[in-house]
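Visitor: Pasting the sequence and the predicted coordinates here, then a few questions.
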Amino acid sequence: TCVNVLDTIRVGKPSEVGDTQIVSHSLVSPQKMARESSTSLHFRELAALVLTASILHVKYTVRGASLARVWYFLTQQHPTLHACLKTLRTTAHHSAGVHQAIAALTTALSNITGDRELSAVWSTAIRPLVLYNDPLIARSTDTSTFALEDLQYGATPMTLYLVAPSPRALERLHPLYRVI
């Protein structure tokens, strides 16, 4: 069974930004929700903005959008966050031009001026996507072999079992399971 969480984003609908934010926040949320410093929270929130804009961009510009393709967009096509933001704010996502939410998010992110802060935001944004560089993970998450909404709203009850081959693999795959 293959599951592409980006299939849950209802592109072109009023809920598309909210759908994307849910995926972005689940990617950057810490593994342990114990006490978190305000600095860590700050970088996670900014990283979620980067991911939200990037996921929307990939959904609008790449056929077969997936988190592996978001990883590729962020890490292989752009050497810096500045370069990535430039692409996000200058690409025509539809006939009206740049997607309004992407433009707003990139404007907010452009207000970050310090190189250290930009580096921290960049690394916080790409860190959860490293897993999707694994060809096996990419292949398993590039498409969905069932409609994810069927888990909750399908006519026939459905159960999804997420299985890891070992406890070590479970630790490595935890971020993937969390986003699903």
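Guide: Perfect, I can see it now.

Visitor: use CA for all of it now, contacts and neighbours both
Guide: Noted.

Visitor: ok, residue 174 - how many residues close by?
Guide: By other Cα atoms under 10 Å, 12 other residues sit near residue 174.

Visitor: which element is it on?
Guide: Residue 174 is located in helix 167-179, with elements delineated by DSSP states H and E.

Visitor: Does anything pack onto the least confident helix or strand in the chain by mean pLDDT? Which helices or strands?
Guide: Ranking every helix and strand in the chain by mean pLDDT, DSSP states H and E puts helix 150-153 at the bottom, with a mean of 75. Helices and strands touching helix 150-153, as assessed by 3 or more Cα pairs under 8 Å, 6 or more residues apart in numbering; DSSP states H and E, are absent.

Visitor: next one: that helix to chain centre, how far?
Guide: In terms of Cα atoms, centre = their mean, to the nearest Å, the centre of helix 150-153 is set 22 Å apart from its chain centre.

Visitor: Extract the CA atoms of it and return them as CSV.
Guide: C-alpha atoms of helix 150-153 as CSV (Å, rounded to 0.1, in the frame of the first residue of the first chain):
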residue,chain,number,x,y,z
ASP,A,150,-12.0,6.6,2.8
LEU,A,151,-10.4,5.9,6.2
GLN,A,152,-12.8,8.2,7.8
TYR,A,153,-15.7,8.6,5.4
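
Visitor: which residues sit against it?
Guide: 156-160 (Cα atoms under 8 Å, 6 or more residues apart in numbering).
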